[in-house]
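Engineer: Provided below are the primary sequence and the corresponding predicted coordinates.
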Amino acid sequence: MKQIKLFQTAVNALHNLIISKDFMDRNRMKATDFTRNRKLDFPTVVSIIMSIMTKPIHSELCGLFHKLKDGVSQPAQQSFSEARQKIRYQAFKEIFQQTVSMGLSASDAKTFRGYRLLAIDGSTIPLKKSDELREYFAKTSPVPNDVFGRVSCVYDVLNHIIIDARLAPFNEGERLLAANAIEETENYVDGKRIYLLDRGYWRVELYAKILSMGHSIVARVRNQMTKELKYGSSTVTIPSDTERYTLRVIRFTLPSGETETLITNLSDTEFTDQDIVQLYFLRWNIETAYDGLKNLLAMNNISSRTLLTVLQDFYAIMAIFNLTAFAAYVADSQIAERTESKGSKYKYKASRYTILAVLKPILPLVLYLPSAYLRRKLLRNALSALSARPVPIRSNRLPDRSRTILKYKNRPPKKPV
């Protein structure tokens, strides 16, 4: 399967999944749920939740329901809220995992010299202060009396898809979530891979786990993290129960004059020091992924008040993120074909904001509508609009680290799509 075919293939596969009786049977709360002929049947509720809900529920239903079911009166907000309580959050996790499986299956997926590059990073998101969420998430909190969840993602930085996502209580550490994710990805990620880790993930047990699985690491560490690093050694030792691993140390100077330290088990015959620095800088793509999740997909604004519905929204957002990546493959191909002969100063790529603006009104329709003709028509129109307003790719730009969650925690994020 080629990357440019992934979007259409994934949408059709998700449509078939959502309308299947087996999917409903394993993801409804009780065998008696969704057995009567109601306005809000199982596929309808799932499709609405997959619509990137950024407005009040009543407003979302006003703008969407008549398109899904022409001639049927709009249900009340309370009816929708009750209907979604009958669906397990695992339904949306399964949808997300379906997008992961399809993304990993692309025969032309990008690699770095045969290695798949996986960055791991975490973040926090604010949640509503309901009693149920406070009891589950708020054993500890970075802001007194507020409720925060801890998010951890494994991200393919070259193909721009999330391959593992977790939402946990704030008191669960990022390194523990990373270790669990690495174990899980062993079940469905094949081939050689390099894990890109920031300095907050320094933990001997975590590094030893990755190395014992036969994978590679490129990690930033604090300059004086161990005695070997403190005294300028060119290697650092990672012990485990069965083996001791010796890793290279690469030091380089940033334009600011600050010295950064990287460690890796990649051999210097295969990767030069400059190669390792280049690999680590690719980790920044997971930071931009979080920016998209929080600002464009409104992960920072999940309005649900129960654990069930928060997890539904969380995995729906992750699935939509991957679908936008698949759509970007198509758009980038269109842009490259259109600009190839123009001799432009920059190369161009699709705007994620444009892609989401195109997808938001049609996504629940192409996931739900029974008419294959109408779904194909919607997809054709969407695909022709995805490459509008491309943005230039400017190399060698330093990332802006001035915006931090603490600095902006009391300010609203950018307007979501």
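Structural biologist: On my side now, so go ahead.

Engineer: next SSE after the lengthiest strand in the chain?
Structural biologist: Ranked by residue count under DSSP state E, the longest strand found in the chain is strand 116-127. Next helix or strand after strand 116-127 toward the C-terminus (DSSP states H and E): helix 131-137.

Engineer: in that following helix, what counts as buried?
Structural biologist: 133-134, 136-137 (16 or more other Cβ atoms under 10 Å). (Glycine included, C-beta is placed from N, CA and C.)

Engineer: Kindly report the same for stretch 191-201.
Structural biologist: Buried residues in stretch 191-201, counted by 16+ other Cβ under 10 Å: 193-198, 201.

Engineer: ok so, going back, among the buried residues of helix 131-137, which one lies nearest to Asp332?
Structural biologist: Relative to Asp332, the closest of those is Phe137; by Cβ to Cβ it sits at 37.3 Å.

Engineer: Isn't that closest one up against Pro169?
Structural biologist: Yes: with contacts counted by Cβ atoms under 8 Å, Phe137 reaches Pro169, the gap being 4.9 Å.

Engineer: In contact with Phe96, which residues?
Structural biologist: Residues counted as contacts of Phe96 (Cβ atoms under 8 Å, 6 or more residues apart in numbering) are 165, 315-316, 318-319, 322.

Engineer: repeat that with 10 Å
Structural biologist: Contacts for Phe96 (Cβ atoms under 10 Å, 6 or more residues apart in numbering) come out as 162-165, 314-323.

Engineer: separation between the nearest residue to Asp190 once chain neighbours are set aside and Glu174?
Structural biologist: Taking Cβ to Cβ, 6 or more residues apart in numbering as the measure, Asp190 lies nearest to Leu104, with 7.7 Å between them; neighbours along the chain are not counted. Per Cβ to Cβ, to the nearest Å, Leu104 is found 24 Å from Glu174.

Engineer: Comparing the two, which shows the higher neighbour count?
Structural biologist: Using other Cβ atoms under 10 Å as the criterion, Leu104 and Glu174 rank with Glu174 on top: 21 against 18.

Engineer: any idea how far the more buried one lies from Leu211?
Structural biologist: On the measure of Cβ to Cβ, Glu174 and Leu211 end up 19 Å apart.

Engineer: residues in contact with the spatially most distant residue from the centre of the chain?
Structural biologist: In the chain, counting by Cα atoms, centre = their mean, Tyr231 sits farthest out from the average C-alpha position, at 38.8 Å. Applying Cβ under 10 Å, 6+ apart to Tyr231 gives the contacts Gln224.
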